[in-house]
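Peer 1: turn this into a structure:
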Amino acid sequence: MKKIQMVDLKGQYNKIKEDVDQSVLDVLDSTAYINGPKVHDFQKNLEAYLGVKHVIPCANGTDALQIAMMGLGLKPGDEVITADFTFAATVEVIALLQLTPVLVDVDPITFNIDIDAIKKAITPKTKAIVPVHLFGLCANMEAIMEIANKHHLFVIEDNAQAIGSTYTYSDGRTAKAGTIGHVASTSFFPSKNLGCYGDGGAIFTNDDDLAHTIRGIVNHGMYQRYHHDVVGVNSRLDSIQATILDIKLKRLDDYNKARQNAARAYSAAFRGIENIIVPTGKTSCQGICDVCDCHVFHQYTLRVLNTDRDALVKHLNDKGIPCGVYYPIPLHLQKAYQDSRYNEADFTVTNQLVKEVISLPMHTELDNEQIEFITSTVINFVNA
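Peer 2: The predicted model follows:
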């Protein structure tokens with residue numbers, strides 16, 4: 001059996017090596033390293049793939065989220081509601097802009113932001129909601145947009161983990177994650193479903209005026225060289241990363257299907273194991289969807305019950321199986337984001353999840369032998 005990787009970037013690269021190597025050499029030969037033709041090609045191709053009017057590439061996913069908020073004109077003190085159970089970058093940019101983060105609990109099945117918790121958190125100071133499409137599953141955007149429209153709030157989708165995921169409305173309409181709210185951000189960190197070989201990110205929107213504002217922000221506030229019309233930052237996707245992303249974009253659906261197939265194999269192996277709760281698609285789904293792409297499995301995350309999760313992590317590592325705990329500490333308990341406004345009773349799901357979750361290796365190169373070894377090792381520990 002080949003060595004198990006949490007993310008097998010080398011194996012994925014080997015399959016596209018010839019195309020990648022040539023495309024990088026082409027960029028080097030062109031010397032158009034910043035905002036060159038390769039960046040524009042990738043931008044247009046991603047717009048077509050997502051069915052969104054505007055994609056604005058930038059330097060990384062955290063910048064993308066910050067720039068999206070800057071583009072909306074949010075002011076210091078404005079409240080922004082987001083999920084307590086997510087990576088810190090989501091709340092980090094809210095704090096950096098001197099906005100007020102309002103953390104709320106998540107759904108125990110989907111791990112995404114809880115709709116009732118959003119409703120309870122809205123105050124006259126609330127200006128935006130940031131749903132995080134966690135682990136590859138699109139949040140309940142239909143309900144979130146209804147709340148936002150009722151209260152005149154912006155919706156900023158954090159789509160760093162779910163590019164390619166498809167959201168299905170109650171009437172059967174579909175839309176790609178990141179194209180439903182007023183604006184969205186994504187990350188092209190190497191381990192993402194669509195990842196480059198360095199850092200990268202992008203902002204998506206269907207709003208022409210907002211797109212224009214954001215294009216200025218990413219480039220020092222300039223629309224004309226040395227004319228600074230808005231306060232901006234320096235956040236641009238370089239041409240080498242763009243050309244790699246363009247090659248991988250053509251394969252994104254296949255990459256996501258490989259992840260879904262690996263997830264199905266995992267879940268089949270864990271079926272009937274009393275103390276293991278496997279991930280599903282939407283709350284209404286039984287198991288992993290066979291008819292839609294609501295979950296693209298950036299992570300395959302279990303809940304283990306009546307089990308010493310940390311001891312399981314050590315056991316897997318001892319067996320040569322990498323794994324992750326995403327996330328071990330709720331954001332509301334992180335030193336940087338503690339606030340006297342928070343009540344522990346409002347975070348019952350998140351406080352439980354951080355004790356139970358464990359993410360298994362998930363990538364496009366997993367094979368059946370590896371999955372069988374991983375699952376049997378987990379089951380033997382849990383059943384011991």
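Peer 1: please, where are all the strands along the stretch 51-200 of the chain?
Peer 2: 54-58, 79-83, 100-104, 126-130, 154-158, 166-168, 174-176, 183-187 (DSSP state E, counting those that start in this stretch).
Peer 1: winner for burial among the ones you listed?
Peer 2: Using mean count of other Cβ atoms under 10 Å, the stretch among these with the largest mean neighbour count is strand 183-187, at a mean of 29. For glycine as for every other residue, the C-beta is placed from the backbone atoms N, C-alpha and C.
Peer 1: mind giving me the packing neighbours of that strand?
Peer 2: If contacts are counted by 3 or more Cβ pairs under 8 Å, 6 or more residues apart in numbering; DSSP states H and E, strand 183-187 sits against helix 61-71, strand 154-158, strand 201-205.
Peer 1: what lines up beside that strand in the sheet?
Peer 2: strand 154-158 (parallel), strand 201-205 (antiparallel) (DSSP bridges).
Peer 1: quick one: the helices in the stretch 151-300 of the chain?
Peer 2: 208-217, 239-249, 252-270 (DSSP state H, counting those that start in this stretch).
Peer 1: distance to residue 104, mean pLDDT and mean neighbour count for the ones you listed - can I get that in CSV?
Peer 2: Below are those laid out as CSV (distance: least, Cβ to Cβ, whole Å; pLDDT from 0 to 100; neighbours: other Cβ atoms under 10 Å):
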stretch, distance to residue 104, mean pLDDT, mean neighbour count
helix 208-217, 25, 98, 18
helix 239-249, 33, 98, 23
helix 252-270, 27, 95, 18
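Peer 1: do you know which of those lies nearest residue 9?
Peer 2: helix 239-249 (11.0 Å; Cβ to Cβ).
Peer 1: how much space separates the spatially most central residue of the chain from residue 177?
Peer 2: The residue lying closest to the centre of the chain (Cα atoms, centre = their mean) is residue 161, at 2.0 Å. From residue 161 across to residue 177, the span is 9 Å (Cβ to Cβ, to the nearest Å).
Peer 1: what is in contact with these two at once?
Peer 2: Jointly contacting residue 161 and residue 177 under the rule Cβ atoms under 8 Å, 6 or more residues apart in numbering are residue 133.
Peer 1: what is the burial count for the nearest residue to residue 267 once chain neighbours are set aside?
Peer 2: Excluding the flanking residues, the one nearest residue 267 by Cβ to Cβ, 6 or more residues apart in numbering is residue 278, at 4.4 Å. Using other Cβ atoms under 10 Å, residue 278 is surrounded by 19 other residues.
Peer 1: make sure residue 278 is actually in contact with residue 302.
Peer 2: Yes. Counting by Cβ atoms under 8 Å, residue 278 does reach residue 302; the two are 6.2 Å apart.
Peer 1: which residues do the two both contact?
Peer 2: residue 270.
Peer 1: if we can go back for a sec, out of the strands paired with strand 183-187, which comes closest to residue 17?
Peer 2: The nearest among these, by Cβ to Cβ, is strand 201-205 at 24.6 Å.
Peer 1: give the contact list for the residue nearest to residue 212 when sequence neighbours are not counted.
Peer 2: In space, and not counting its chain neighbours, residue 212 is closest to residue 223: 7.9 Å by Cβ to Cβ, 6+ apart. If you count contacts by Cβ under 8 Å, 6+ apart, residue 223 has them with 212, 215-216, 229.
Peer 1: burial measure for residue 125, as a count.
Peer 2: 12.
Peer 1: let me know the pLDDT of it.
Peer 2: Residue 125 is assigned 98 on the pLDDT scale.
Peer 1: got the contact list for it?
Peer 2: 77-79, 100.
Peer 1: and the nearest residue to residue 351 once chain neighbours are set aside, how many neighbours does it have?
Peer 2: Distances taken as Cβ to Cβ, 6+ apart put residue 330 closest to residue 351, at 6.3 Å, once the chain neighbours are dropped. The local packing of residue 330 (other Cβ under 10 Å) involves 23 other residues.
Peer 1: any idea how far residue 330 lies from residue 101?
Peer 2: 13 Å.
Peer 1: same question for residue 170.
Peer 2: 30 Å.
Peer 1: what do you get for residue 23?
Peer 2: Residue 23 sits 40 Å away from residue 101, taking Cβ to Cβ as the criterion.
Peer 1: try residue 227
Peer 2: Distance from residue 227 to residue 101, by Cβ to Cβ: 34 Å.
Peer 1: and stretch 375-384, which residues are buried?
Peer 2: 375, 377-379, 381-382 (16 or more other Cβ atoms under 10 Å).
Peer 1: next: stretch 312-328.
Peer 2: In stretch 312-328, counting by 16+ other Cβ under 10 Å, buried: 312-313, 315-316, 321-327.
Peer 1: and the residue nearest to residue 251 when sequence neighbours are not counted, how many neighbours?
Peer 2: The shortest distance from residue 251 to any non-neighbouring residue, by Cβ to Cβ, 6+ apart, is to residue 16 (7.3 Å). By other Cβ under 10 Å, the residues close to residue 16 number 15.
Peer 1: now the helices for the stretch 1-150 of the chain?
Peer 2: 9-30, 37-50, 61-71, 89-96, 115-121, 141-151.
Peer 1: nearest to residue 266, out of those?
Peer 2: helix 9-30 (18.3 Å).
Peer 1: what's the angle from the closest one to helix 252-270?
Peer 2: Helix 9-30 and helix 252-270 are oriented at 170 degrees to each other (axes from the mean of the first three to the mean of the last three Cα atoms, to 10 degrees).
Peer 1: who touches helix 9-30?
Peer 2: Contacts of helix 9-30 (Cβ under 8 Å, 6+ apart): 5, 33, 36-38, 190-191, 195, 239-240, 243-244, 246-248, 251, 255, 363-365.
Peer 1: just the strands in the stretch 251-384 of the chain please.
Peer 2: 276-277, 300-304, 357-360.
Peer 1: make CSV out of those and add distance to residue 58 and mean neighbour count.
Peer 2: Below are the strands of the stretch 251-384 of the chain laid out as CSV (distance: least, Cβ to Cβ, whole Å; neighbours: other Cβ atoms under 10 Å):
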stretch, distance to residue 58, mean neighbour count
strand 276-277, 37, 20
strand 300-304, 28, 23
strand 357-360, 27, 22
